[in-house]
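> Please find the sequence and the predicted model below.
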Amino acid sequence: MPFVVYATPNFTENAVRFIHTLTSIPDVQLGLITEEPVVLLRHDLSARLYGHRQVANPLDPKLLEQAARELTAQHGPIHRIIGAVEIMQVPLAQVREALGIEGMGVETALNFRDKARMKAKLREAGIPCARYQTVASPAEARTFAELCGFPLIAKPPAGMGSLSTYKIHNHHELDAVLREMPPSPGHEVLFEEFVTGTEHSFDTFSLNGQAVFHSLTHYHPNPIEVMREPWIQWQVVLPREIDVPEYDDIRQAAFKTLDVLGMKTGLSHLEWFRRPDGSVAVSEVAARPPGAQITTLMSRANDFDSLDAWARMIIFGEFKAPERKYAVGAAYLRGMGSGFIKAVHGLEKVDREVGHLITDAKIPEVGRPHEGNYEGVGYIILRHPETHVVEAALKKVVSLVRIELS
């Protein structure tokens, strides 16, 4: 019976979903490494754990390795050690190499985690992506701006999604970003050409170096625009029609990207752009399951449990490709500004007009603080066999729902 260890800093909503999935697989003994005490985990899940270690900082590879060795001494060899948090991928790889555990190694993990290193490999392989430079001083940033022109994107080399990402339109905004995120040796900042176009994801199940299943989504609008405009409620659409010539170019680019970066077995999340001239550009790719409820969208579109499929693929090396039956979409609910949620308006109309399409929903709780990220404070997921029906219903949801803040 394989002993599998899952590592996560905190018991977030997503972490609990992963733990629930792993503890539900028959013939798997699950160990857990966390920063938070296990008493904070739901009792029905903690009761199923085979072992647990609490560490002061699970991002510290030495502490992570020590905890893994202690679990090994108590429960036997670790079959797999995994995690879904992006910033943990390199420390987990270091532990695998130290303990001889099968899975992604350090060099491959760095290819995905270090975005400047990633883009260097992609450009060397001829994969289309934005021009970039890692700068270690304000002078280097200004030189790159002169060479590339505005607008630009600035972010940490190990950033995640649109968090800590800035769009820069002119020298005044460049100076402001350099004050907010000053580059220096050891604290470099990644500057990129801003790619104009629509943004999307491409999510791939890979087994032994082969893409065995893929999915993709359309972002409406791009996340960085959502972050800039607090009135926008973000939408993500997973179309039913994916295996069509329209996506041949990104399929080819995505699979080549994974091969170049060294993906063997895992679920990856690649973000890409469709430029106005129709060409594609790879933005970046993470060697972990996607966030923003995209795993749920994949599950609903294909009538399978995408997290269970990911876990079984990692643990047992098995995967059975599902049939895509539906188009699916998510509307992410946001209010304007900061404060506490006073009321959520329009839900009755949503239920009346598109309630028959809803598969999942997280309704913002009155009294809770409002979070300003692009995923908002709740979501509504819709499903239908026809993509245009889902797209129209999502537009209706975001036009009807309004979150009032106090």
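Structure's in. What do you need?
> show me the contacts for P156.
Counting by Cβ atoms under 8 Å, 6 or more residues apart in numbering, P156 touches S164, M181, V189, L190. The way it works is simple: take the backbone N, C-alpha and C, and place the C-beta from them, glycine included.
> can you tell me how far it sits from V28?
35 Å (Cβ to Cβ, to the nearest Å).
> what does S137 give?
Counting by Cβ to Cβ - S137 and V28 are separated by 50 Å.
> Looking at those two, which is more packed in?
V28 (19 against 15; other Cβ atoms under 10 Å).
> if I pick that one, what's in contact with it?
M1, P2, V4, L22, I315.
> who wins for most neighbours among these?
Ranking these using other Cβ under 10 Å puts L22 first, with 25 neighbours.
> so where is the stretch 151-300 of the chain shaky, pLDDT-wise?
Scanning the stretch 151-300 of the chain for pLDDT under 70 picks out 158-163.
> residue ranges of the helices in it, please?
Under the criterion DSSP state H, counting those that start in this stretch, helices of the stretch 151-300 of the chain are mapped to 171-180, 223-228, 248-261, 294-302.
> now the shortest one, how far from the chain's geometric center?
Put plainly, it is helix 223-228. Relative to the centre of its chain, helix 223-228 is centred 16 Å away, using Cα atoms, centre = their mean, to the nearest Å.
> for that helix, which positions count as buried?
For helix 223-228, burial by neighbour count (16 or more other Cβ atoms under 10 Å) applies to P223, I224, E225, V226, M227.
> pretty sure the last one contacts G376?
This means M227. No: M227 lies out of contact with G376 (Cβ atoms under 8 Å); the separation is 11.3 Å.
> hmm, back to that, between the helices of the stretch 151-300 of the chain, which gets nearest to T34?
The closest of these to T34 is helix 294-302. By Cβ to Cβ, the value is 20.7 Å.
> and the helix or strand following the closest one with helix 294-302, angle?
Per DSSP states H and E, the first helix or strand lying C-terminal to helix 294-302 is helix 306-316. For helix 306-316 against helix 294-302, the angle by axes from the mean of the first three to the mean of the last three Cα atoms, to 10 degrees is 100 degrees.
> if you compare the helices of the stretch 151-300 of the chain, which one is most tucked away?
helix 294-302 (a mean of 24; mean count of other Cβ atoms under 10 Å).
> Which other helices and strands does it contact?
strand 198-207, strand 210-220, strand 235-238, helix 306-316, strand 327-333, strand 358-362, strand 378-384 (3 or more Cβ pairs under 8 Å, 6 or more residues apart in numbering; DSSP states H and E).
> Any chance you could give me the fourth one in PDB, C-alpha atoms only?
Looking back up the chat, that one is helix 306-316. Presented in PDB, the C-alpha positions along helix 306-316 are these (Å, rounded to 0.1, in the frame of the first residue of the first chain):
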ATOM      1  CA  SER A 306     -10.000  15.900 -12.400                       C
ATOM      2  CA  LEU A 307      -8.300  16.000  -9.000                       C
ATOM      3  CA  ASP A 308      -8.800  12.200  -8.400                       C
ATOM      4  CA  ALA A 309      -7.500  11.600 -12.000                       C
ATOM      5  CA  TRP A 310      -4.400  13.800 -11.200                       C
ATOM      6  CA  ALA A 311      -3.700  12.000  -7.900                       C
ATOM      7  CA  ARG A 312      -4.100   8.500  -9.400                       C
ATOM      8  CA  MET A 313      -1.800   9.500 -12.300                       C
ATOM      9  CA  ILE A 314       0.900  10.700 -10.000                       C
ATOM     10  CA  ILE A 315       0.600   7.800  -7.500                       C
ATOM     11  CA  PHE A 316      -0.200   4.800  -9.800                       C
END
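> From F112, how far out is F213?
Relative to F112, and taking Cβ to Cβ, F213 is found at 19 Å.
> With P276 instead?
According to Cβ to Cβ, P276 and F112 sit 29 Å apart.
> more crowded one of these two?
F112 (27 against 9).
> ok, for the more buried one, nearest residue in space, not its chain neighbours?
Leaving aside its sequence neighbours, F112 sits nearest to A287 (Cβ to Cβ, 6 or more residues apart in numbering; 4.1 Å).
> check contacts around the one you found.
Counted by Cβ under 8 Å, 6+ apart, A287 has contacts Q89, M104, T108, A109, F112, R113, L261, M263, G266, S268.
> So among these, which ones count as buried?
Q89, M104, T108, A109, F112, R113, L261, M263, G266, S268.
> want to try JSON lines for those residues, with distance to T295 as columns?
Shown next, in JSON lines, are these (distance: Cβ to Cβ, whole Å):
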{"residue": "Q89", "distance to T295": "17"}
{"residue": "M104", "distance to T295": "19"}
{"residue": "T108", "distance to T295": "22"}
{"residue": "A109", "distance to T295": "20"}
{"residue": "F112", "distance to T295": "18"}
{"residue": "R113", "distance to T295": "20"}
{"residue": "L261", "distance to T295": "21"}
{"residue": "M263", "distance to T295": "17"}
{"residue": "G266", "distance to T295": "13"}
{"residue": "S268", "distance to T295": "12"}
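> Please list the members of the residues you listed that lie in strands.
G266, S268 (DSSP state E).
> do you know how far L347 is from V328?
For L347, the distance to V328 - Cβ to Cβ - is 20 Å.
> When these two are compared, which one has more neighbours?
V328 (31 against 18).
> Local confidence estimate at the more buried one?
Here, the pLDDT recorded for V328 equals 98.
> Domain parsing of this structure, as residue ranges.
Domains of the chain are assigned by automatic domain parsing as 3-103, 131-193, 198-405.
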